[in-house]
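1. Structure, please.
(2 chains)
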Amino acid sequence: MDLLITLIKTGLVMGLLYGLFAYGLSLILSVNKVFHVAQGATFVFSAYVFYTLGTTLEWPVVLAFLGAVAAAAVAACLMQYLIYVPLAKRDADPIVVMVASLLVVAFASYVIEFAWGAGVASAAVPDWFGWDTRIAGIRVDVYDLSVLVLSVALFVVMHWFLTRTHAGLEFRAVGDNPERAQALAINLDRVYLRSMILGSVLVVPPAVLLALKAPIHPSMGFDLLLKAVIALTIGGMGRMSGALIGGLLVGLTETIPLYWLPTEWGEFIVYIVAFIFVLFRPTGLVGNKRKPRKSKSSDTSSTPDPKPTEQSVESIDPTPVS
Amino acid sequence: MNYYITSLLGLLPIFIILGISFNLLLGYGGLLSVSHGGFFGVGAYVTAILIKDHQLEFIPAVLAGALLAGVLSMSVGYAAGRLSDEFLFIVTIAVQVALVELFNNLEVTGRSAGIAGIPRPTVFGQLLDTNTKVMILAWVVCALVTVLCWRVVKSPYGRLLKSLREDVPAARSLGKRALWTKVTVFAFSSAIAGMAGGLYAMHTLYISPAEFTLDRTVEILSITIIGGMAAYWGPFVGALVVLALPEALSFADIPDSVAGPINGIIYTLAVLLLLIYRPQGLLGRDPVKVAERNAARRAAKAGPDTAASTDGAVPEVSIDLFARVVEGQETAEVKTLRSEGIGIAFGGLKAVDDVTMSVRPGQITALVGPNGAGKTTVFNLLSGALKADQGKTYYGDRDISSLSIERRAQLGVVRSFQEVRLFEGMTVQENIHVAVTDIRHESLLSQFTVAAWRGRRDDADGERAEQILRSLGLHEKRHTLAKDLSYAEQKMLMMGRLLATGASCYLLDEPMSGLDQAARAQLSELLRQIVADGSTSICIVEHSMQVVREVASWVMFLDRGRLLTEGTPEDVMNDPELTAIYFGHPV
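-> The predicted model follows:
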């Protein structure tokens, strides 16, 4: 029984990390309308920057963390201006954009392998990180608490940002109807850049915490990316809470079966569950419920509908094609 | 040096095969699947296991590998048919990772250690015991695959793939089976990747899960993009570049530990740059320039006396030619499309409420009513785009209420869309050719019959397409891309496409919108000709009362989802209540 509760705890903690990653993806998807696969590159890059600053250069953890945040922001700017903007200017097919984004992840893993070596790297862990306690009989350590506190804080802050601040409203406006937003003198390029940076920076806490918990390696970008994407799929892309719910579910799906199955099958189960969701409930758990339609939306209205990839911040419809 | 060259020459055909199969999926099908590396692995493992543990000969082993890869990928194809691009991407990444997990965890695949000591292949009793012999085998298979896929790409199936890439709802409205086609292209492409896997196992004699990961898929993707998507010989160039790169690097005295990542950095960077600055790759040609060059070539061939086209050109419908085309179609039994009490609600709003109507053959029926009355929704219900909450729909004696769009189209009920929805990237002739081709001759398997190989039926279909084009006055433009036609010509082409399917019941959603007097007259004449034989029926949604008076012999008035009345145009238009509803005030 203890094992089960520990598994649940581990699953929830990992789930929160997946949720943060997924949240960034969701934000960028709804505002920039780009499936920012390259988020995986930002993730692994910031983990390695943290490692270099905190371990190789022996900076204090907090400074190293901030350094990683800065690195993520820079990476986001580079991706925006070197990849996404040129592609958008050339009217590139969305598939081409996704391929480019995927290639950035591959490119980043090769660069990291080149600069830091192909093996794993273990970040130096400060002493206070080892402190733990028992709550209700389960071992809870600084890592668990940090994840919990950080994720909750970030979700709350993001929610406040999107609903209460002017900048956040701009995000939602641009996500909903870019032309209209532009007509209201909202600077689209600035909003796109901001949301890219903000979405990218959200992966730094997971990156840093994971670096402190376990050794890092150049290809960890892909792994977490896939989990986050599955989190979005299961949770639903309609609302930001979808990222959180999806993340938690992925975390739990990964760990709870291990009570009965050998460890190596945990991930496999997640993929099967994801596949099932995609086939039978593509909108996810809290994604927007579409009206009872059988076909693609453009068939059913009397006026030509926007392209199916058109999405709004609070109501993204991945529009599975029937 | 010799060793390197032999190794390179041995790997090259394998990667060419991978590139061709991936190109089929991405370049021609427009489907981004990131699981190719995994299916490559499935083929490799199955072949290796069958040859090593079960002493099979090469050919049955590799075919078994291809078969398993193909069958497994059908589930992905099914997902592809139902999902948008992002979701397909997600699903295929998950499949890729799941496959590698399988390789890593199963006993039979040797877990993470893989399978070593794979024996050399035996073909027809002959053991291929040297690297050179295995290399020749690989090139032979590569040649076969090249020819095979070339045929597939140029066949009706290839044309269908192109059309699905352009516009799936339009293709379905012509009766094409979009979902099944996507499943088959996935299966075919993955099976070929599986074959490449079998060859790979024979080449390296040792395989492990690490060879078939997402990195491998990215490599295959790079091969396709560098060579050029949908450029048939692209993968040849792409494979050469990607494979020769590490060999070239080894001459530059780079230490082994960094050679790997540097190799990766170079080709991912190359692909990124190509994607941004030259998306058609090294061999691909700029589609706009291709179209222009083709058009110029045709114009030169046709000679100076061809009428130059101008914007807004109205095609001349040749009535006699047209009548002959219509006659040439089989006169099937006369059927009426009718609905009984159909209704549908969206949320709380009843968009269509208890509508009972019939579209009688031999005449043009008009569906009129104010905006928002639900006319397009009725069409959607009749054509199968929407499933009715209540009521039934019949065509002839058959209850078609639960049939899909394509099934109804195959039975003869087709519809047009308000937005024209042509296959814009395809030529005028190809648009009609796709529609003319019977779906049975478009399936993947049917491309491998002797008859299909000779291509006579496809040529006959092409002839018929040209006939239709001639009767519609579009023959001179037949090699123009559909998106370059004038609006009136596009509408004509849209009608031609529907006609080409040999349908007997046409549901046309505002066919006259955006056309000027001359074009309207042409289109009206065409419509009248279509119903002249008495077995075909047309129902149009129309706003212009003038048009209704000119072409329709029966009018149905819809308001707020209900069929208020029906009758001859005079009756309906002289009814003061209806006029009040329609114009918002008494006239």
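
2. Lowest average confidence across helices and strands of the chain, where is it?
-> In the absence of a named chain, chain A is used. In chain A, the helix or strand scored least confidently by mean pLDDT, DSSP states H and E is helix A:297-300, which has a mean of 31.

3. Not quite, go with chain B.
-> helix B:319-328 (a mean of 54).

4. Could you look up the SS state of the residue lying closest to residue A:114 once chain neighbours are set aside?
-> Spatial nearest neighbour of residue A:114, chain neighbours left out: residue B:261 (3.9 Å); criterion: Cβ to Cβ, 6 or more residues apart in numbering or on different chains. In short, each C-beta sits where N, CA and C put it, glycine included. Under the three-state scheme (DSSP: H, G, I helix; E, B strand; the rest coil), residue B:261 adopts helix.

5. you'd agree residue B:261 is up against residue A:117?
-> No. In this structure, residue B:261 is not within contact of residue A:117 by Cβ atoms under 8 Å, at 9.2 Å.

6. So between those two, which is more surrounded?
-> Between residue B:261 and residue A:117, residue B:261 has the larger neighbour count (other Cβ atoms under 10 Å in any protein chain shown), namely 20 against 14.

7. For that one, which residues are in contact?
-> A:110-111, A:113-114, A:118 (Cβ atoms under 8 Å, 6 or more residues apart in numbering or on different chains).

8. give me that answer again for 7 Å
-> Contacts of residue B:261 were listed using Cβ atoms under 7 Å, 6 or more residues apart in numbering or on different chains, and they are A:110, A:113-114.

9. who in the stretch 51-200 of chain A is up against chain B?
-> A:86-87, A:92, A:94-96, A:98-100, A:102-103, A:106-107, A:110-111, A:113-114 (Cβ under 7 Å from any Cβ of the partner chain).

10. just checking, what packs against the helix or strand where residue B:351 lies?
-> Taking DSSP states H and E as the criterion, residue B:351 maps to strand B:349-359. If you count contacts as 3 or more Cβ pairs under 7 Å, 6 or more residues apart in numbering or on different chains; DSSP states H and E, strand B:349-359 packs onto strand B:337-346, helix B:375-383, strand B:562-567.

11. who wins for proximity to chain A among these?
-> In terms of Cβ to the nearest Cβ, the element of the helices and strands packed on strand B:349-359 nearest to chain A is helix B:375-383, at 4.2 Å.

12. Could you check the angle the closest one makes with strand B:562-567?
-> Angle between the axes of helix B:375-383 and strand B:562-567 is 80 degrees (criterion: axes from the mean of the first three to the mean of the last three Cα atoms, to 10 degrees).

13. now for helix B:375-383, which elements pack on it?
-> Secondary-structure packing of helix B:375-383 (3+ Cβ pairs under 7 Å, 6+ apart): strand B:337-346, strand B:349-359, strand B:413-415, strand B:505-509, strand B:537-541.

14. tilt between it and strand B:537-541?
-> Angle, helix B:375-383 to strand B:537-541, by the same axes, to 10 degrees: 150 degrees.

15. what does stretch B:127-145 rub up against?
-> Counting by Cβ under 7 Å, 6+ apart, B:6, B:9-10, B:13-14, B:16-17, B:20, B:120-121, B:123, B:192, B:195, B:199, B:202-203 sit against stretch B:127-145.

16. confidence score at the residue of chain A found nearest chain B?
-> Across chain A, the shortest distance to chain B (Cβ to the nearest Cβ) belongs to residue A:110, at 3.5 Å. We have a pLDDT of 91 for residue A:110.

17. Could you tell me how many residues sit around it?
-> 25.

18. shaky segments in the stretch 201-322 of chain A?
-> A:238, A:282, A:287-322 (pLDDT under 70).

19. For it, just list every one of the helices.
-> Using DSSP state H, counting those that start in this stretch, the helices of the stretch 201-322 of chain A run over residues A:204-213, A:220-235, A:240-255, A:266-280, A:297-300.

20. Kindly compare burial across those and name the winner.
-> helix A:220-235 (a mean of 27; mean count of other Cβ atoms under 10 Å in any protein chain shown).

21. And for that helix, what's in contact with it?
-> So helix A:220-235 is contacted by A:18-19, A:21-22, A:25-26, A:37, A:39-41, A:43-44, A:105, A:108-109, A:242-243, A:245-247, A:249-250, A:270, A:274, A:277-278, A:284-286, B:90, B:93-94, B:97, B:214 (Cβ under 7 Å, 6+ apart).

22. Nice, that's everything, thank you.
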